[in-house]
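**Student:** the following comprises the amino acid sequence and a computationally predicted model.
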Amino acid sequence: MAADTMSTVASIITQTLVYSTPLVFTALGGTFSERGGIVNVGLEGIMVMGAFSSVVFNITYAGVFGVWTPWIALLVGGIVGMIFSLLHAVATINLRADHIISGTVINLMAPALSIFLVKVLYGKGQTDQVPQTFGYWEVPGLSKIPVIGPLLFEKTSAPAFLAILVSVIAWFVIYKTRFGLRLRSVGENPQAADTLGINVYGMKYSGVLISGFLGGIGGAVFAQTIAGRFAVTTISGQGFISMAAMIFGKWNPLGAMGAALFFGFAQNLSIVGDSIPLISSIPKVYLQSAPYALTIIVLVLFLGKAQGPKAGGKTYIKSK
Amino acid sequence: MSNFKFSKMNGILVPILSVIMGFVLGAIIMLLFGYNPVQGYQAMLTTAFQSPKSIGEIFVTAGPLIFTALGFSVASAAGFFNIGLSGQALAGWVASIWVGLSMGDSPRLVALTAAILAGVIAGALTAAIPGLLRAYFGTSEVIVTIMMNYILLYTSTHIVNNVIPEKFISTKGTTKLIGANVSLRTEFLTSISNGSRLNLGIIFAFIFLILIWFLMKKTTLGYEITAVGLNPFASEYAGMSSKRIIVLSMVISGALAGMGGVVYGLGTFGNFFVQGNSLSIGFDGMAVSLLGGGSSIGILLSSLLFSILKLGGQGMPILAGVPTELVDVVIASIIFFVGISYLIKLILTKLETKKEPKASKVEGGKA
């Protein structure tokens, strides 16, 4: 491979990873929530809160934590996302709210509340650039491997590797642990799970809160790698794409990760496409719409109706 | 999915209490951040009702909302969540402007009818897709309509930037203004409201509030839609084609949303400009319908309330220093309280049986 082609490919790979990472985290979150039977249309709003809080944290504490700031901000974003998702959990699990309505409220509330707070804090409609971003990372050791090293490990995104690691952990948790088995059983048949002594509400709460944590991290990653600041348009559709990735991946963490990588690739193409010869001739609208259109096609062709967790979207009412 | 159908008594109390609680929450937030809630709400009301023009604008804002809300309520009567109202309204907006611009100096009756029909049909077609997919493949309409919102958003940008003839474009991403022959504005309406953008859209909205009420309550089709919504299997047994009803209810829903876009295009703005995000009338329409409990009178009242909030909110930063976004927080929390109406009903029942208010329960509802 010639040197330029090599660097073009390497940059496509890196950018794909960068664009995929927020989607991977959020899609994993969605998977936990839906495995527990709570449909979470509110992932978009949760990402907004994660993005907002991480940017505020980054701007405020960059001087204190230096290069570690974005990493700590990830945690902050995750925790704020988790607290925010509590609204959805209480509404759908205890108060019998419709999952779609509650999720939509989350999506309506998050941008309003966060921009309100931005105006209160900074007196303007958007924040400044964050002082510390994730930047590029060289994977120690692996970057020395010929060909593969420069392509995958030389100038790459550290959060992306974390996302892949978390996907594997999530897969392990959902399929190989007692917690995962219980969570899935609650999503499939809460009555039966209850009979076996599983704490149905507790499991559902765990699912939603994990989705809030991971969704918040997703938003925080997006804000600190791609957007660089927080405004009302910072998160525009990534939460919904993540939801699509979750469905595309058939509610399996590794599948969701694969789909999110693909969607990240598609998003990246629609943005950098102009500079790549073959792709620049394709009208942008096709590249932009591709992930959404593909989701619909996959749903129609391969999934049909009954593929999600069976009790998804239904309120479980414990009878006394 | 029928949590938001209320019994008669609760049907009135729940939305009223939700609105009150939404405002209280807004007041608490203002207090928390050091604003004066009385000043804040006063600023809102003063701005909304300051002049005949601002009152005209309340109706300008309400028009498209009534249409998207009606669209949402027809679909949800059949048991569907049409989250695609934004995209369908957008399709209606673009189509009506495009056809309107193409009609040049044609006679008003022909041109206006063609432009309106184009928008309505565009909305209906874009809603037919999730309807057909749901009816024949069992695909979740929630996912499909959400995805289509984005596809339509990008498509509308593409149409304006690359497809519409150059002569209809004023600056990149913005079309020229439509001619008077396709405008929904009239001399009369403009003059009675002191130069507001008041237009025939609100009159159409009133007519459709009655028409849809008639459709749903007095016709066989309306009965079938409601029956399918309540129990698709039983309706199938009774000889109704649930597939036909699914598609038809989505088509009607989309046509209404498309009409919302038409009112936006031919009435409120008079042109189309590239949108950065899904149209807010989609989600607001959904909220209006939920708050209005799906009934015509409910939709009318809640659309007016939303318009007052939205317009009044614009005056809050100037008059009280409160960021406009506070009203969106209030709107979102109102819908949240409607969503958790179970709690409100529970409290109401408790109050009735015990006659002893439990303060702690009410407190929990505001969290």
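**Tutor:** Everything's here; your move.
**Student:** what about the closest residue to chain B within the stretch 101-250 of chain A, how many neighbours?
**Tutor:** Ranked by C-beta to the nearest C-beta, the top residue of the stretch 101-250 of chain A for proximity to chain B is A:Ala112, at 3.3 Å. Using the backbone N, CA and C atoms, a C-beta is placed for each residue, glycine as well. By other C-beta atoms under 10 Å in any protein chain shown, 24 other residues sit near A:Ala112.
**Student:** just B:Ile207 next, same as before
**Tutor:** B:Ile207 sits with 11 neighbouring residues when counted by other C-beta under 10 Å.
**Student:** what of A:Ala91?
**Tutor:** Counted with other C-beta under 10 Å, the neighbours of A:Ala91 add up to 26.
**Student:** what's the answer for B:Leu125, then?
**Tutor:** So B:Leu125, with other C-beta under 10 Å, has 16 neighbours.
**Student:** which residues touch the residue of the stretch 101-250 of chain A closest to chain B?
**Tutor:** Neighbouring residues of A:Ala112 by C-beta atoms under 8 Å, 6 or more residues apart in numbering or on different chains: B:325-326, B:328-329, B:331-332.
**Student:** likewise for B:Ser191?
**Tutor:** Contacts of B:Ser191 by C-beta under 8 Å, 6+ apart: none found.
**Student:** and it, what element?
**Tutor:** Element membership of B:Ser191 [criterion: DSSP states H and E] is helix B:187-192.
**Student:** in that helix, what counts as buried?
**Tutor:** Buried residues in helix B:187-192, defined by neighbour count with 16 or more other C-beta atoms under 10 Å in any protein chain shown: B:189-190.
**Student:** surely B:Thr186 meets B:Asn199?
**Tutor:** Yes - between B:Thr186 and B:Asn199 there is a contact at 7.1 Å, judged by C-beta atoms under 8 Å.
**Student:** quick one: secondary structure of the closest residue to A:Thr233 other than its chain neighbours?
**Tutor:** Excluding the flanking residues, the one nearest A:Thr233 by C-beta to C-beta, 6 or more residues apart in numbering or on different chains is B:Gly276, at 5.7 Å. The three-state label given to B:Gly276 by DSSP: H, G, I helix; E, B strand; the rest coil is coil.
**Student:** just give me the neighbour total for B:Gly276.
**Tutor:** Using other C-beta under 10 Å, B:Gly276 has 9 other residues around it.
**Student:** how about the strands in the stretch 101-250 of chain B?
**Tutor:** B:169-171, B:174-175 (DSSP state E, counting those that start in this stretch).
**Student:** tell me which of those strands sits most buried.
**Tutor:** Most buried of those, by mean neighbour count (mean count of other C-beta atoms under 10 Å in any protein chain shown): strand B:174-175, with a mean of 18.
**Student:** on that earlier part again, could you dump the strands of the stretch 101-250 of chain B into CSV and include mean pLDDT and distance to chain A?
**Tutor:** CSV is the format used below for those (pLDDT from 0 to 100; distance: least, C-beta to the nearest C-beta, whole Å):
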stretch, mean pLDDT, distance to chain A
strand B:169-171, 91, 17
strand B:174-175, 94, 17
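**Student:** nearest to B:Ala77, of those?
**Tutor:** With C-beta to C-beta as the criterion, B:Ala77 lies closest to strand B:174-175 of the strands of the stretch 101-250 of chain B, at 35.3 Å.
**Student:** so which residues on the stretch 201-350 of chain B come close to chain A?
**Tutor:** Along the stretch 201-350 of chain B, the residues adjacent to chain A under the rule C-beta under 8 Å from any C-beta of the partner chain are B:276-277, B:283, B:286-287, B:290, B:323, B:325-326, B:328-329, B:331-333, B:335-336, B:338-340, B:342-343.
**Student:** state the distance from the residue of the stretch 101-250 of chain A closest to chain B to B:Gly26.
**Tutor:** 11 Å (C-beta to C-beta, to the nearest Å).
**Student:** try B:Ile83
**Tutor:** Separation of B:Ile83 from B:Gly26 (C-beta to C-beta): 25 Å.
**Student:** ditto for B:Leu198
**Tutor:** Distance of B:Leu198 to B:Gly26, computed by C-beta to C-beta: 28 Å.
**Student:** likewise A:Phe213?
**Tutor:** In terms of C-beta to C-beta, A:Phe213 sits 28 Å off from B:Gly26.
**Student:** and what of A:Asn252?
**Tutor:** On the measure of C-beta to C-beta, A:Asn252 and B:Gly26 end up 42 Å apart.
**Student:** these two: who's more crowded?
**Tutor:** Of the pair A:Asn252 and B:Gly26, B:Gly26 is the one with more neighbours under other C-beta under 10 Å, namely 23 against 18.
**Student:** the residue nearest to the more buried one when sequence neighbours are not counted sits in which helix or strand?
**Tutor:** Nearest residue to B:Gly26, sequence neighbours excluded (C-beta to C-beta, 6+ apart): B:Val330, at 4.0 Å. B:Val330 belongs to helix B:325-339 when assigned by DSSP H and E.
**Student:** need the next SSE after that helix, C-terminal direction.
**Tutor:** Following helix B:325-339 in sequence, per DSSP H and E, is helix B:341-354.
**Student:** show me what that next one is packed up against.
**Tutor:** Judged by 3 or more C-beta pairs under 8 Å, 6 or more residues apart in numbering or on different chains; DSSP states H and E, the packing partners of helix B:341-354 are helix B:8-32, helix B:359-365.
**Student:** and with 10 Å instead?
**Tutor:** helix B:8-32, helix B:325-339, helix B:359-365 (3 or more C-beta pairs under 10 Å, 6 or more residues apart in numbering or on different chains; DSSP states H and E).
**Student:** in the stretch 201-350 of chain B, what residue comes closest to chain A?
**Tutor:** Among the residues of the stretch 201-350 of chain B, B:Asp328 lies closest to chain A, at 3.3 Å counting by C-beta to the nearest C-beta.
**Student:** which SS state does the nearest residue to that residue once chain neighbours are set aside fall under?
**Tutor:** What sits nearest to B:Asp328 in space, not counting adjacent residues and going by C-beta to C-beta, 6+ apart, is A:Ala112, at 3.3 Å. When classified by three-state DSSP, A:Ala112 comes out as helix.
**Student:** who has more neighbours out of B:Thr186 and B:Asn199?
**Tutor:** More neighbours surround B:Asn199 than the other of B:Thr186 and B:Asn199, with 24 against 14 (other C-beta under 10 Å).
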